[in-house]
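Asks: Quick one, structure for this:
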Amino acid sequence: MSLAVVFSRAKVGVEAPLVNVEVHLSNGLPAFSIVGLPEASVRESRDRVRSALINAGFEFPDKRITVNLAPADLPKEGGRFDLAIAIGILAASEQVPSQHIASYEFYGELALSGAMRRVLGILPAALAANKVNRLVIAAAQNQHELALLENPDNKIASQLLEVTAFLHGQHALEIPQPMTEQAVQESLDLQDVVGQSFAKRALEIAAAGGHNLLFVGPPGTGKTMLASRLPTILPQLTMTEALEVAAVHSTCGMTVSIQDWRTPPYRAPHHSSSSVALVGGGSNPRPGDISLAHRGVLFLDEMTEFERKVLDSLREPMESGNISISRAAGKVTFPANFQLVGALNPSPCGEVGEHSRSTPDQILKYLSKVSGPFLDRFDLTIDVPRLPQGEMSQGERGESSDVVRERVNRARAVMQQRQQCPNAQLSGKLLSKYCGLSASDNAFLESAIEKLHLSMRAYHRILKVARTIADLAGCEVVNRQHIAEALGYRAMDKLLNNLRH
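Replies: The predicted model follows:
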């Protein structure tokens, strides 16, 4: 036959649309053309595929070869189609049997020798292929990602010859194997933080309800240490959530370890990061830190040092849980359902009150680097003071992360049974249904809102935090005690209110 169709998939964000690699051989002057909106890296596959076939011992057809990557309006990039094009040429020239090709999808960049190299975004492609009952044949360098799917029928190969021998029925391809070496990591624990029981309590509430959290305090009081311990008390990711995270990381070429792939991710970008680095973008859009922190924690240290427009670019994805990036070639959507933790100093000199060298106007100007609408999106803002004299030597370490995580898991189980989402994601009717207050408690809360000059968004966030406090205490109804504690976690509002009066 002079026509062959091989299946593969493109990489568009974290999606993997199907691409039909159609290869046609016709009489005429020898030529090799690729059509279907290929970028330069795809057009260059002509030379890679020709050399790989010749060096692998195959006959390169002395005909007019036309390769069509359909659909034609979908941009294609990278060397991910090399293997599919090579198999298509061999099938069209009847050098390999074509009867079983339709059952597989092929991924791999070819070296000039015929060796296969890894491609980016193999995990989303394999997930999509397995959903439509097609198996994946990919490079051995991609096996650690494919092993996460636990599909024993997906195959890996190191050479083009191995794939062709498999199609001839002469060789059995290996199945993906997970990464065996244990990653050497420093074990973090909440007990590492001395004192700061109030901040630890807020950290537990944030973990239980999925709330955004802001630490405010002088330098060296443990804000960064506390933030880095948040993933240690968060529940493990479900299999579906872990695959979502691994798919995002796969598109960036990041290694996904089978040992800790169900641990919530933790990202801490530097304050010099641009909007593109944080939310994603580029001519060929790539995910930013908010997408790499999907289902995990995004920590912004020294928040006042970030550019204001960079912080404000987070406002929409914090509400929607995803980020859409539009370019001339099309629109790409990345997941961005992250938990934000911030840290900042309360003044330019790092102190407030009698030890401060800054005037109230200087402090207000310093804090105004962070916009009010952005601060409004933090459910809890916590004052992290210096430790009192003697507390460091007493060695009060508090509870371990394992103990706290057990309470967090119990609270999350209650939320899952009640509304199938953390309390931070409650909205509309669910908020009214599960966070309803008595008339006197509602009047108490409204009075506090008026006194602190808070917005309606802050009102709803206080209700959500109170609901989480009630769940940790095992209470079915939110009462004044829970509201009062939730109001205690509004350190930034109280600081700004004091500075203005």
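
Asks: Just after the helix or strand bottoming out on mean pLDDT in the chain, pick out the following helix or strand.
Replies: Using mean pLDDT, DSSP states H and E, helix 391-394 stands out as the lowest-scoring helix or strand of the chain, at a mean of 65. Next in sequence after helix 391-394, counting helices and strands by DSSP states H and E, comes helix 401-419.

Asks: If you count contacts, what does that next one end up packed against?
Replies: helix 197-209, helix 230-233, helix 429-434, helix 456-472 (3 or more Cβ pairs under 8 Å, 6 or more residues apart in numbering; DSSP states H and E). (Glycine included, C-beta is placed from N, CA and C.)

Asks: Counting by contacts, list what the second one packs against.
Replies: For helix 230-233, the helices and strands in contact under the criterion 3+ Cβ pairs under 8 Å, 6+ apart are helix 197-209, strand 297-300, helix 401-419.

Asks: cool, the last one as well?
Replies: Where contact means 3+ Cβ pairs under 8 Å, 6+ apart, helix 456-472 is packed against helix 197-209, helix 401-419, helix 429-434, helix 439-452, helix 480-487.

Asks: nearest to residue 337, of the ones you listed?
Replies: Minimum separation from residue 337 across the helices and strands packed on helix 456-472 (Cβ to Cβ) falls at helix 197-209, 14.3 Å.

Asks: In that closest one, which of the residues would be classed as buried?
Replies: Within helix 197-209, the residues scored as buried using 16 or more other Cβ atoms under 10 Å are 199-209.

Asks: Let me have the helices and strands packed on helix 456-472 in CSV, extended by distance to residue 461.
Replies: As requested, the helices and strands packed on helix 456-472 are arranged in CSV below (distance: least, Cβ to Cβ, whole Å):
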stretch, distance to residue 461
helix 197-209, 10
helix 401-419, 16
helix 429-434, 10
helix 439-452, 11
helix 480-487, 9
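
Asks: Looking at the record's assignment, how would you partition the protein?
Replies: Domain assignment of the chain by automatic domain parsing yields the ranges 3-167, 190-387+396-500.

Asks: starting at the chain centroid, how far to the last one?
Replies: Taking the mean C-alpha point of domain 190-387+396-500 and that of its whole chain, the gap between them comes to 16 Å (Cα atoms, centre = their mean, to the nearest Å).

Asks: Could you do the first one as well?
Replies: A distance of 28 Å separates the centroid of the chain from that of domain 3-167, by Cα atoms, centre = their mean.

Asks: Could you identify which of the helices and strands packed on helix 456-472 is most buried?
Replies: Mean neighbour count (mean count of other Cβ atoms under 10 Å) peaks for helix 197-209 among those, with a mean of 24.

Asks: Mind giving me the packing neighbours of the next helix or strand after it?
Replies: Where DSSP H and E defines the elements, the next helix or strand beyond helix 197-209 is strand 213-216. Other elements packing on strand 213-216 under the criterion 3+ Cβ pairs under 8 Å, 6+ apart are helix 197-209, helix 223-228, strand 339-344, strand 380-383, helix 491-500.

Asks: Quick check: which of the ones you listed is nearest to residue 16?
Replies: strand 339-344 (27.1 Å).

Asks: State the distance from residue 421 to residue 143.
Replies: When Cβ to Cβ, to the nearest Å is applied, the distance between residue 421 and residue 143 equals 35 Å.

Asks: Pull the residues that contact stretch 23-31.
Replies: Stretch 23-31 has contacts (Cβ atoms under 8 Å, 6 or more residues apart in numbering) with 2-6, 61-68, 85, 88-89, 91-93.

Asks: Give me the buried entries from those residues.
Replies: Buried members of the contacts of stretch 23-31, counted by 16+ other Cβ under 10 Å: 4-6, 61, 63, 65-68, 85, 88-89, 91-93.

Asks: From those, which land in helices?
Replies: Per DSSP state H, helices hold the following members of the buried ones among the contacts of stretch 23-31: 85, 88-89, 91-92.

Asks: which among those residues gets closest to residue 336?
Replies: residue 85 (34.4 Å).

Asks: where's that closest one relative to residue 408, distance?
Replies: Distance, residue 85 to residue 408, using Cβ to Cβ: 50 Å.

Asks: for the helices and strands packed on helix 456-472, which one sits closest to residue 162?
Replies: Nearest to residue 162, of these and by Cβ to Cβ, is helix 401-419 at 45.0 Å.

Asks: For the closest one, which outside residues touch it?
Replies: Residues contacting helix 401-419 (Cβ under 8 Å, 6+ apart): 188-191, 200, 204, 207-209, 229, 232-235, 421-423, 426, 430, 434, 468, 471-472.

Asks: Dump the helices and strands packed on helix 230-233 to TSV, plus mean pLDDT and distance to residue 452.
Replies: Listed next are the helices and strands packed on helix 230-233 as TSV, based on pLDDT from 0 to 100; distance: least, Cβ to Cβ, whole Å:
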stretch	mean pLDDT	distance to residue 452
helix 197-209	94	17
strand 297-300	96	24
helix 401-419	94	26
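
Asks: Of all these, which one is nearest residue 386?
Replies: That would be helix 197-209 among those, by Cβ to Cβ, at 12.3 Å.

Asks: Dump that closest one to CSV, keeping only the CA atoms.
Replies: The C-alpha coordinates for helix 197-209 follow below in CSV (Å, rounded to 0.1, in the frame of the first residue of the first chain):
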residue,chain,number,x,y,z
SER,A,197,1.4,28.4,68.7
PHE,A,198,-1.1,31.0,67.3
ALA,A,199,0.4,30.8,63.8
LYS,A,200,0.5,27.0,64.0
ARG,A,201,-3.2,27.0,64.8
ALA,A,202,-3.9,29.2,61.8
LEU,A,203,-1.8,26.9,59.6
GLU,A,204,-3.9,23.9,60.7
ILE,A,205,-7.1,25.8,59.9
ALA,A,206,-5.7,26.8,56.5
ALA,A,207,-4.8,23.2,55.7
ALA,A,208,-8.1,21.8,56.8
GLY,A,209,-10.2,24.3,54.8
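
Asks: Residue 495: which of the helices and strands packed on helix 230-233 is closest?
Replies: Judged by Cβ to Cβ, the one of the helices and strands packed on helix 230-233 that comes nearest to residue 495 is helix 197-209, at 15.4 Å.

Asks: so what secondary structure elements neighbour the closest one?
Replies: Using 3+ Cβ pairs under 8 Å, 6+ apart, the elements in contact with helix 197-209 are strand 213-216, helix 223-228, helix 230-233, strand 380-383, helix 401-419, helix 456-472.

Asks: can we see that at 7 Å?
Replies: In terms of contacts (3 or more Cβ pairs under 7 Å, 6 or more residues apart in numbering; DSSP states H and E), helix 197-209 is packed against strand 213-216, helix 230-233, strand 380-383, helix 401-419, helix 456-472.

Asks: Of residue 421 and residue 143, which one has the most company?
Replies: The residue with more neighbours, out of residue 421 and residue 143, is residue 143; 21 against 13, by other Cβ atoms under 10 Å.

Asks: still on that earlier bit, would you turn the helices and strands packed on strand 213-216 into a markdown table with distance to residue 449?
Replies: As requested, the helices and strands packed on strand 213-216 are exported to a markdown table (distance: least, Cβ to Cβ, whole Å):
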| stretch | distance to residue 449 |
| --- | --- |
| helix 197-209 | 19 |
| helix 223-228 | 27 |
| strand 339-344 | 22 |
| strand 380-383 | 15 |
| helix 491-500 | 10 |
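
Asks: Minimum distance to residue 34: which of the ones you listed has it?
Replies: Residue 34 sits nearest to strand 339-344 of all those, at 44.0 Å, using Cβ to Cβ.
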